[in-house]
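# 3D, please:
(one chain, ligands or ions: 1)
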Amino acid sequence: MRGGLFRRYAIPFLALIAGVAAAITTAHLLLLGQAMHSASQSSAEALEKALYAQLEQRGRLLAGFLADDLVNSVYNYDMATIQETLVTVTGQPDVAHALIYDTDGQMLHDGRQGIPGFSRPVDSPLDDLRAGEMRLRRLAETLEVDAPILLGERPLGAVRLVLSLEGIRAGIDASRSRIDAVADASFYRDIVATALISLVLMAVGGGLALWVTRRLVRPIRQLAQSADRVGKGDYNIEVDSRRDDELGDLARSFQAMGRNLAHTTISKQYLDNIIGSMENALLVSTPEGRVTLVNRALCVLLGQAEKDLIGSQVTDLAPEVPPQRLLSEGIINGLETWLTSRGGRPIPVSLSGSVMHENGTVRGLVLVAQDITERKQAEEQLRLASSVFANTSEGIVIIDERGVIRMVNGAFAQLVGRSPAQLNDKVFGEFLVDAIGGREDPVGEIVEAVVRKGQWEGEISVQRGDGTRAPQWLTVSAVRDDAGALSQCACILLDLTELRDAEERVRHLAYFDTITGLPNRTLFQDRLEHALAHANREGHRLAVLFLDLDRFKSVNDTLGHAMGDQLLAAVARGLSRSLRAEDTVARLGGDEFAVIVDNIAQAEDVAQVAAKVMEIFGRPFQVTGHDLFTSASIGISVYPDDARDGEGLLRNADTAMYRAKERGRNSYQFFTSDMNARALEHMALEHGMRRALERDEFRLAYQPIVDLETREPVGMEALVRWTHPQLGEVPPGRFIPVAEDCGLIGRLGEWVLTEACRQLSAWRREGITVQRLAVNISSRQFYDPQLVDRIQDILASSGIAPTDLSLELTERTLIDDVEGSTGILTRLHELGLEIALDDFGTGYSALGFLKRFPIQLLKVDASFVNDIALDDDDAALVEGIVTLAHNLGLKVVAEGVENLDQVHLLAGYGCDYAQGYFFARPLSAQQMTDVLLQGQGLSARKFNRDRAGT
Ligand SMILES: Nc1nc2c(ncn2[C@@H]2O[C@@H]3COP(=O)(O)O[C@H]4[C@@H](O)[C@H](n5cnc6c(=O)[nH]c(N)nc65)O[C@@H]4COP(=O)(O)O[C@H]3[C@H]2O)c(=O)[nH]1
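Predicted structure coming up:
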């Protein structure tokens, strides 16, 4: 355990003082005891001497007194007086005996009456006692005083006074006791006093020692603490240097030393600060490569804590710089290597290292690493940039502030058809054409703009090597020197040729039809607007021809879309050829074309144009080696007679085109007010139908279908009827197309199906036999994806079997989408429904075409049946249809049978069934119920009119 000065010196010093004090006290007490003893001894002796002297004095006095007093009595032998005197004397204290001797030495009197031995001689001669002399003799217990009794000069005898020493002895003992008591008391008083003095001395000495020690220890301790701080590198020494002694001198010297050290010495903290604030990573290791010191920068760089790095191996951190390498090379300068970060990620560094020597011995290795990640990245970016510069497809030109080329890349050189070397020191502006509006010094202006704003961009054209112009998007950026002044300009040229081409293609796509190359609907409308504005200004007429190819759909379906497209292109070419250059021909979509015939004087002019157009359809179109015939229906509307705006003109021409189609195709038709009336009616019907569906104004009529052999009804066709509140009875031929156009056909068709099945179910419940009910399905209704499901639902809810229902579809419906319709028909057929092809003959299908559809029944259109009795062609046609249908396994229904001749002829052709006014007109449900309930008789009579002869 570390002992401080206080413990080391103050405590022993205190102990020493205590010991010395104790020794002094003990010695003092011993001496005191001795002194006391000798004092009491000498006091006792002195007292004894004094007492003896006093006794002797008394003895002398008394003996002298007796000797004087008894002179007469002895002379006279007056014994009585002698006795009396002696008794008086012996009565005195300490007087044991008073004896009177004669000169012979014989005792005359012993002071007592009758004293035996009176005559006992004195034991020693008294004769030598001279006058005035006394003789004292101390015996063991007594003091004898002999005094001569003289009468004048004559000795009469002697007095012997025997004094007892007992009294003296008792007095001496008592005195001695008293002296001892006094001595003892004094001794103890002295002990206490001495002890107290010792304690006081010790206290004073201890305090003194403490004070001295503290006076010495504190500054020394201060100095020690300061020395300790100095040891740690803190040279700011704060010690009490005011003392005017050696410690003060030491403190001042120490302070001076601290100041000197602060100025001259590199402290550890100083070094730590330097190392800690170093930007570069520092590592110190043993010669063997064990890391002993790292700085903060290294920890940050490697992402490791100092404690983890200390003790690790240099090779773990810098695998490319093993200690042996540094030891052998002695020094490494700026070695580009890498350090391993915590996750094992290599960090590129520039490493310098050296070996530390001390007294000629290798003490360790020092490595300093500079993170060169950014530099590496910059180098990489530079490499990349130069690679981009060299290989990019954009032209890059570096020009100075005068527009002189300093550097170009391959792309630009290639663009202008020179080598990069040939372009050096050329003026950039020489290669630009029409730059920024054909200014005189375009590059000068660009540079000016770059100086002002730092960048310029815009479209320019560069003259290619072959003299053509290449549209370019030029971006010019400032390259500034360190002072911020423009030193060069970097020009990047993005070739817009492809973009412009693409734009042109897009524009072409946006305005031209890809198949025919004709303007499309958008461009047509645009041109029409222009033409109308012009016609309006000039006050002349113009016409719009709306042209629709007849039966184009069948071409597509039968010959394929590619052929269809080629036919369209061929028609477009024919149209363009037949029209003036100033007339616009456009393809509006599908098989629809439109023509603007500008500046016409009268309607007949347009008729001529239309006739010319019709002529091209009189010849076949050459399509990949095939001769294809097609015809067109044309509708014509005239500005300002039929409409004053483009939309109205086109719509009216479209309407007229439909009229042309209705009138037998392959013709043209002018728009008329009648057509307008029909358009208005269309609107009225649409509005009325919506209301009719809500108000349940529709009804079904039923017309029987009769077996031509048995003349028995085999079923009946449901035909929708609508009584308009204002228009009265509206035939389905008028409102069904409107319903199709405006999308109401779905709701109407569903109502018809539901109502027909409900009625059939009702008849069945009433016991009325109706074998099968036929329902017309329109085109849009047929292609409704929900159709099959809806039919199934309706059948299920009405309890009608699918085989009890026949669906009548027109040819046109089926050929609209042959693929799609085949799928739908197959599903319906698989359900068990009968499919009948309605209005057969009015469409365009060949009989062979029917093989593709799962059809069971063919309904020959009334237009063929009408004239079979009058027209041999029609008769032959119907007969042929019947024969071929039978060959295909189909049954045939003849529609519109009105007379017996027709019945006979049809029966003769082998036609299976007939339907027409001859048998029955369409009847309301109630009428039909009545007819059916009236029994077979009526029925037979009604439906077997020829048998009945009516
Ligand atoms: N001149 C003459 N006509 C006869 C004779 N026998 C029957 N007709 C008429 O011929 C049409 C036969 O129907 P459709 O060919 O399917 O032709 C139908 C059919 O395509 C369509 N149609 C009728 N009802 C519906 C329906 O509920 N839904 C759909 N989608 N179309 C229907 O409207 C067309 C016309 O129907 P309607 O006016 O009812 O005309 C019916 C019928 O009244 C006759 O001997 N002489």
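# pLDDT on the longest helix anywhere in the chain, on average?
As far as residue count goes, and with DSSP state H defining each element, the longest helix of the chain is helix 165-231. Averaged across helix 165-231, pLDDT comes to 76.
# on contacts alone, who are the packing partners of it?
Using 3 or more CB pairs under 8 Å, 6 or more residues apart in numbering; DSSP states H and E, the elements in contact with helix 165-231 are helix 5, helix 11-69, helix 246-264. (Each C-beta comes from the backbone N, C-alpha and C, glycine too.)
# Quick one: closest of the ones you listed to the ligand.
helix 246-264 (113.2 Å; CB to the nearest ligand atom).
# Mind giving me the packing neighbours of that closest one?
helix 165-231.
# how about the helix or strand hosting residue 422 as CSV, C-alpha atoms only?
In the assignment (DSSP states H and E), residue 422 maps to helix 420-423. As requested, C-alpha coordinates have been extracted for helix 420-423 and formatted as CSV (Å, rounded to 0.1, in the frame of the first residue of the first chain):
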residue,chain,number,x,y,z
PRO,A,420,-11.7,14.3,-86.1
ALA,A,421,-8.2,15.5,-87.0
GLN,A,422,-9.6,17.4,-90.0
LEU,A,423,-12.0,19.2,-87.9
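# what mean pLDDT does it have?
90.
# next one: stretch 246-265
Averaged across stretch 246-265, the pLDDT comes to 76.
# quick thing: my sequence starts at 21, can you match it?
Renumbered: residue one is now 21, and that last one reads stretch 266-285.
# in it, what's buried?
267, 270-271, 274-275, 278, 281-282 (16 or more other CB atoms under 10 Å).
# And stretch 220-237, by the same measure?
Taking 16+ other CB under 10 Å as the basis for neighbour counts, the residues of stretch 220-237 that come out buried are 221-222, 225-226, 229-230, 233, 236-237.
# Redo these as a markdown table? Include distance to the ligand.
As requested, the buried residues of stretch 220-237 are arranged in a markdown table below (distance: CB to the nearest ligand atom, whole Å):
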| residue | distance to the ligand |
| --- | --- |
| 221 | 145 |
| 222 | 141 |
| 225 | 141 |
| 226 | 136 |
| 229 | 136 |
| 230 | 131 |
| 233 | 131 |
| 236 | 131 |
| 237 | 126 |
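# How is this structure partitioned into domains?
25-192, 258-285, 288-395, 412-521, 541-569+590-691, 721-963 (automatic domain parsing).
# Tabulate these in TSV, adding columns for distance to residue 213.
Supplementary listing: the domains of the chain in TSV, determined by distance: least, CB to CB, whole Å:
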stretch	distance to residue 213
domain 25-192	10
domain 258-285	38
domain 288-395	63
domain 412-521	100
domain 541-569+590-691	140
domain 721-963	137
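# what's in contact with the helix holding residue 442?
By CB atoms under 8 Å, 6 or more residues apart in numbering, the list of residues contacting helix 440-443 from outside reads 417, 425, 427-430, 432-433, 436.
# Tell me which of those fall in helices.
430, 432-433, 436.
# which parts of the chain sit against the ligand?
Taking CB under 6 Å from any ligand atom as the test, the list of the chain residues beside the ligand reads 723, 739-740, 751-753, 756, 772, 796, 798, 828, 858-859, 882, 915-918, 935-937, 942.
# Just the buried ones among those residues, please.
Of the members of these, the ones counted as buried by neighbours, 16+ other CB under 10 Å, are 723, 739-740, 752, 756, 772, 796, 798, 828, 858-859, 882, 915-917, 935-936, 942.
# Filter the residues you listed down to the ones in helices?
752, 756, 772, 882.
# ok, now which ones touch the first one?
Taking CB under 8 Å, 6+ apart as the contact definition, residue 752 lies against 739-742.
# could you dump the residues you listed to TSV with pLDDT?
Conversion of the contacts of residue 752 to TSV gives the following (pLDDT from 0 to 100):
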residue	pLDDT
739	98
740	97
741	97
742	96
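# closest to residue 42 among the residues you listed?
The shortest approach to residue 42 among the contacts of residue 752 belongs to residue 740, at 147.5 Å (CB to CB).
# Smallest distance to the ligand belongs to which residue of the stretch 521-670 of the chain?
For the stretch 521-670 of the chain, the residue positioned closest to the ligand under CB to the nearest ligand atom is residue 573, at a distance of 19.2 Å.
# Can you verify that residue is assigned to a helix?
Yes - assessed with DSSP: H, G, I helix; E, B strand; the rest coil, residue 573 lies in a helix.
# re the thing from before, what's the ChimeraX syntax to select whichever of the contacts of helix 440-443 are buried?
Selecting only the buried members of those in ChimeraX, with burial defined as 16+ other CB under 10 Å, works like this:
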select :417,425,428,429,430,432,433,436
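# excluding its backbone neighbours, what's nearest residue 374?
In this structure, residue 374 finds its nearest non-sequential neighbour in residue 351, 4.7 Å apart by CB to CB, 6 or more residues apart in numbering.
# who's in contact with the one you found?
Contacts for residue 351 (CB under 8 Å, 6+ apart) come out as 372-375.
# Show me which of the residues you listed are buried.
Taking 16+ other CB under 10 Å as the criterion, what is buried in the contacts of residue 351 is 372-375.
# how about these in a markdown table, adding pLDDT?
Shown next, in a markdown table, are the buried ones among the contacts of residue 351 (pLDDT from 0 to 100):
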| residue | pLDDT |
| --- | --- |
| 372 | 92 |
| 373 | 92 |
| 374 | 92 |
| 375 | 92 |
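# looking at this, residue 602 is in a helix?
No - with the criterion set as three-state DSSP, the secondary structure at residue 602 is coil rather than a helix.
# For it, the count of nearby residues, please.
Burial of residue 602, expressed as a neighbour count using other CB atoms under 10 Å, amounts to 10.
# Ok, residue 477 next?
Tallying neighbours of residue 477 according to other CB under 10 Å, which is how burial is gauged here, yields 14.
# Likewise for the one 10 residues further on?
The tally of other residues near residue 487 (other CB under 10 Å) stands at 7.
# Where does it sit: helix, strand or coil?
Strictly by three-state DSSP, residue 487 counts as coil.
# Just the ones of the buried ones among the contacts of residue 351 in strands?
Judged by DSSP state E, strands contain the following of those: 372-375.
# for these, which one is nearest the ligand?
Lowest distance from the ligand to these (CB to the nearest ligand atom) belongs to residue 372, with 96.6 Å.
# Let me have the buried residues of stretch 220-237 in CSV, extended by distance to residue 684.
Rendered in CSV, the data for those read as follows (distance: CB to CB, whole Å):
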residue, distance to residue 684
221, 159
222, 155
225, 154
226, 149
229, 148
230, 144
233, 143
236, 142
237, 138
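# low-scoring pLDDT stretches of the stretch 671-820 of the chain, where are they?
Counting by pLDDT under 70, the stretch 671-820 of the chain contains low-confidence ranges at 695-696, 699.
# For it, which segments are assigned as strands?
688-690, 718-727, 733-744, 748-750, 793-796 (DSSP state E, counting those that start in this stretch).
# what residues does the second one touch?
Going back to what we said before, that points to strand 718-727. For strand 718-727, with CB under 8 Å, 6+ apart as the criterion, the contacting residues are 712, 732-743, 768, 771-772, 775-776, 779, 793-794, 913, 932-935, 939-945, 948, 963.
# Just the buried residues from those, in ChimeraX please.
The buried subset of the contacts of strand 718-727, as determined by 16+ other CB under 10 Å, is captured in ChimeraX by this line:
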select :712,733,734,735,736,737,738,739,740,741,742,768,771,772,775,776,779,793,794,913,932,933,934,935,939,940,942,943,945,948,963
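# distance of the residue nearest to residue 360 when sequence neighbours are not counted from residue 397?
For residue 360, the nearest residue in space outside its immediate sequence neighbours is residue 337; the separation is 5.9 Å by CB to CB, 6+ apart. The gap separating residue 337 from residue 397 is 22 Å, by CB to CB, to the nearest Å.
# So for those two, which sits in the more crowded spot?
Between residue 337 and residue 397, residue 337 has the larger neighbour count (other CB under 10 Å), namely 25 against 12.
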